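In: give me a 3D structure for the following:
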Amino acid sequence: MILPAPPYWTLRPFDRCHNCDLENARSVSTNWQDQRTRSGRDMDGASLPRCAACRVQEVWMRPRRRFATLVAALTVTTPAALAGSAGAVRADARILIPAPTVTSADYPDDEKWHDGVGVYGNFTIDDPSDQAARYEVRLNDQKPLDLPTQNGAPVTVAIAPYRNGPNYLTVGSFGPNGENGPPTQYDFRVNPGSAPKAHWKLDEPAGTRTLAAEVRTGEDPVSAWAVGNVATGAEGQFATAASFAGGHAVTKPLVDTSKSFTLSAWAKPSGDGDGTVIAETGRHANAFALQSVGGHWAFVKSASDSPGAATEQAVAEQPLYQDTWAHLVGSYDATQNRLRLYVNGRPAADVPAGGPAWDARSLRIGAGAPGGARPFHGDVDEVRVHDRMVVPDEAAQMAKVPSEVRGRWKFNADGADDTAFGHPMTLHGGAAIDPDAGLGGFSSPAGLTLNGDGAYADTAGPVARTDKSFSITAWADVEQWAGRPMTLLSLPGRNGDRLSVRYLPSEDPYRGKWQLVMTEEDVPDAKSTVIENYRSEGWWDHIAVVYDAVTRTARLYVNGNLDQDRSEKAGVGAFDAAGGLQVGRSAFGDPEYWSGAVDDVWMLQGALNETQVASLSQLIEIDTPTGPWNVG
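Out: I've put the predicted structure just below:
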């Protein structure tokens, strides 16, 4: 290898030395080709070469004799007493490039807070030794970017932080043969992402034709005007929503669509055919639109404002569900020229955006251009417009629906509901509250006891909507199993159970399994989905049923855990159960009465996340939350 001229090189020989013990050597002589022999103490201020595992490293900071080039061939000589015989071994060496420098005017390393999540900043990388052939740049724990260069020339790269708070770049320089030196860590601080420029909650009462948006501090007031068949006051994903049946709402342009921006909304389609949920429109075409395309959600960009203009489409692979709320985010990244679509908080498509984007003339909710084309049939809620790119964590956060406790029964003294909704449990057939039957003295000493022969408890009517996201949890003692299948919980409809939670025992108490059976329609002989979990502890088990209506996914947790793929299934339909919550029996067919104790039953509107399930599966009786329950 031919090395460039000083000021310095760091060279490491990698070949194993012959018959030597460099770790114990007191003196090691080194000789660079065409140079005089130097001992370990003759190294221009450097220490004795660091030796480990028969490898030697020498740092030659500034040779006494300045040569234009130096052949990297190192001879290592060790004392005969250590080596067994005097000798020399030639070892190849490589150059280590110094740490690169990093600068940024957008996100300087000055311990101050700058711009925000989703906003690009320029970072310039430079190699002071003018040797690098490429730079490797990693933002926090993301995959590294590979930036080619020549002779260590500076390279500027645009990077958008994806999280607020302290961020850092890890930057390394690499020579033409892969040689590299120590990396540089560049620290900077990032503000949270800016609020949406406009946010339509669509909570207006029925009959309202002017739809007002909440705007970011410093922005002018914004309203959209209903045109045609638009009805406010419909049931929304949050409070109320606007229902569209061929009409739309229109307002002025809010963002420059030739730059980065984001559209998002909750949408619940109720009719066949493609429809536009929200669009940035021109005279003849949509600059961008969140819409359905062939039964799939899509984020679509038109090449120009002309009839029949070509389009680029980021289309979700998963088909959309009719009569089901979905959260949609369409984000245009002008810097990378990408279209990104998120459905229900998850990345659904990421494609090149094609040619240059153009600036739209207006914003329409419920239809596109020209003049309300491709109308959406269904309900729309929570429309947001950002004048920046939205990052994946933000898209996931916008899709979250907080859970709310609708019923909680501690069974400490009676069947009282511990929430303000007032759904007390009535005890039947010998069911009783036993002061010593609960989880234990440190958590819940009392509990509900059921004799397996006609005993159960129930509410007088429904506790939560089961055609929406919901969760049910309970503690159950399976130690005294009756030698037969037993039903712990059920929710009856008019023709069968909406769901039932069963325990199927085994001769080995640790091999019993839990089973969730969910029925998709309230009709005789309806299709059902069976989910199983084998994670029983053989005594007190914590059971959690979670149904996510947005993704149509059902999960069965036992003691806070899923059991591989068998305890989670997607594509599960739903209907709203007409009957009250049953504890200890099925209301249809064989009741499979529960034999044993039950404690601390919860029912919530909303799909619990893993953190919430884990918090309820601890052996402690926590206080009942009021209002939305946001954990994790």
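
In: hey, let's count contacts and neighbours off CA atoms from now on
Out: OK.

In: wait, residue 221 touches residue 211, no?
Out: No. At 11.3 Å, residue 221 and residue 211 do not qualify as touching, with contact defined as CA atoms under 8 Å.

In: settle it for me: which of these two has more neighbours?
Out: Regarding residue 221 and residue 211, a neighbour count based on other CA atoms under 10 Å identifies residue 211 as having more, with 20 against 11.

In: residues contacting the more buried one?
Out: Contact partners of residue 211, counting by CA atoms under 8 Å, 6 or more residues apart in numbering, are 200, 202, 204, 223, 224, 225, 226.

In: residue 565 versus the first one, what's the distance?
Out: With distances defined as CA to CA, to the nearest Å, the gap from residue 200 to residue 565 amounts to 39 Å.

In: between the two, who's got more neighbours?
Out: Regarding residue 200 and residue 565, a neighbour count based on other CA under 10 Å identifies residue 200 as having more, with 22 against 11.

In: nearest residue to that one in space, ignoring adjacent ones along the chain?
Out: residue 213 (4.4 Å; CA to CA, 6 or more residues apart in numbering).

In: count of neighbours near that neighbour?
Out: Around residue 213 there are 19 other residues, counting by other CA under 10 Å.

In: cool, residue 354 as well?
Out: Residue 354 - counted by other CA under 10 Å - has 16 other residues nearby.

In: thought it was touching residue 337?
Out: Yes. Under the criterion of CA under 8 Å, residue 354 makes contact with residue 337 at 7.4 Å.

In: domains of this protein?
Out: Recorded structural domains for the chain (assignment: the TED database) are 101-191, 198-399, 404-617.

In: Throw the ones you listed into JSON lines and include distance to residue 624, thanks.
Out: Shown next, in JSON lines, are the domains of the chain (distance: least, CA to CA, whole Å):
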{"stretch": "domain 101-191", "distance to residue 624": "32"}
{"stretch": "domain 198-399", "distance to residue 624": "22"}
{"stretch": "domain 404-617", "distance to residue 624": "7"}
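
In: out of those, the one nearest residue 626 is which?
Out: Residue 626 sits nearest to domain 404-617 of all the domains of the chain, at 7.1 Å, using CA to CA.

In: for that closest one, give the mean pLDDT please.
Out: Domain 404-617 carries an average pLDDT of 92.

In: please state the offset of that domain from the chain centre?
Out: 28 Å (CA atoms, centre = their mean, to the nearest Å).

In: over to stretch 161-175?
Out: Relative to the centre of its chain, stretch 161-175 is centred 20 Å away, using CA atoms, centre = their mean.

In: any buried residues in that stretch, and which?
Out: 161-164, 167-175 (16 or more other CA atoms under 10 Å).

In: including pLDDT and secondary structure, could those residues go into TSV?
Out: Converted to TSV, those look like this (pLDDT from 0 to 100; DSSP: H, G, I helix; E, B strand; the rest coil):
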residue	pLDDT	secondary structure
161	98	coil
162	97	coil
163	97	coil
164	97	coil
167	98	strand
168	98	strand
169	98	strand
170	98	strand
171	98	strand
172	96	strand
173	95	strand
174	93	strand
175	90	coil
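
In: and which of the residues you listed is nearest residue 278?
Out: Nearest to residue 278 among the buried residues of stretch 161-175, with distances taken as CA to CA, is residue 162, at 25.1 Å.

In: contacts only, for the closest one.
Out: 117, 118, 391, 392, 393.

In: nearest spatial neighbour of it, skipping sequence neighbours?
Out: Using CA to CA, 6+ apart and skipping the chain neighbours, the partner closest in space to residue 162 is residue 117 (5.4 Å).

In: mind checking pLDDT for the one you found?
Out: pLDDT, residue 117: 98.

In: do residue 29 as well
Out: We have a pLDDT of 43 for residue 29.

In: follow-up on the earlier one: wait, the residue nearest to residue 162 sits on residue 191?
Out: Yes. Using CA under 8 Å, residue 117 is in contact with residue 191, at 6.5 Å.

In: these two - which one has more neighbours?
Out: Counted by other CA under 10 Å, residue 117 and residue 191 do not tie: residue 117 has more neighbours, with 22 against 16.

In: quick check: phi and psi on residue 525?
Out: Main-chain dihedrals, residue 525, degrees, to the nearest 10: phi 60, psi 40.

In: list the contacts of it.
Out: Contacts of residue 525 (CA under 8 Å, 6+ apart): none.

In: roughly how far apart are it and residue 497?
Out: 11 Å.

In: and for residue 476?
Out: 20 Å.

In: kindly report the same for residue 280.
Out: Relative to residue 497, residue 280 is positioned 46 Å away (criterion: CA to CA).

In: neighbour count for these two, which is higher?
Out: A direct count of neighbours by other CA under 10 Å for residue 280 and residue 497 places residue 280 higher, at 30 against 24.

In: doesn't that one lie inside a helix?
Out: No. Under DSSP: H, G, I helix; E, B strand; the rest coil, residue 280 sits outside any helix and is assigned strand.

In: what sits closest to it if chain neighbours are left out?
Out: Nearest residue to residue 280 in three dimensions, chain neighbours excluded: residue 363, at 4.7 Å (CA to CA, 6+ apart).
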